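Undergrad: Build the 3D model from these lines:
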Amino acid sequence: MSFEWDEPRMELLKSLWVSGETARTIAERLGGGITRNAVIGKAHRLGLTGKHGSKRAASRRTRISTSKPGSRRPQRKPRPKSHAR
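TA: Next up is the predicted model:
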């Protein structure tokens, strides 16, 4: 199945992506049998990756910034290598 990316669809993709919509929602809005993966691929080719404005990224930033200092998991120390005898 082939899908044509015309200018109006690319503009809609850009505006929805920047506003933080999910790839699935964008695919549904674009219609015409376009898949979530096609949306992600086109966004990547247009340089729209990162989704810094996404709702999920915003909630993640809020969680991290409001956490108490030192509340992150401590890093694991590497296990000593065992020597075969």
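
Undergrad: mind listing what residue 49 touches?
TA: By CB atoms under 8 Å, 6 or more residues apart in numbering, the contact list for residue 49 reads residue 43. C-beta here means a position set from N, CA and C on the backbone, and glycine is covered the same way.

Undergrad: can you tell me which residues contact residue 5?
TA: Contacts of residue 5 by CB under 8 Å, 6+ apart are residue 42.

Undergrad: Quick check: it vs residue 27, distance?
TA: Counting by CB to CB, to the nearest Å, the gap between residue 5 and residue 27 amounts to 13 Å.

Undergrad: Any stretches of the chain with poor pLDDT?
TA: For the chain, the stretches flagged by pLDDT under 70 are 1-2, 51-71, 85.

Undergrad: Do a quick rundown of the strands in it.
TA: For the chain, no strands are identified by DSSP state E.

Undergrad: mind listing the helices for this structure?
TA: For the chain, the helices defined by DSSP state H cover 7-18, 23-30, 36-45, 55-66.

Undergrad: Rebuild those as JSON lines, extending it with mean neighbour count and distance to residue 82.
TA: Listed next are these as JSON lines, based on neighbours: other CB atoms under 10 Å; distance: least, CB to CB, whole Å:
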{"stretch": "helix 7-18", "mean neighbour count": "15", "distance to residue 82": "49"}
{"stretch": "helix 23-30", "mean neighbour count": "17", "distance to residue 82": "45"}
{"stretch": "helix 36-45", "mean neighbour count": "16", "distance to residue 82": "43"}
{"stretch": "helix 55-66", "mean neighbour count": "10", "distance to residue 82": "37"}
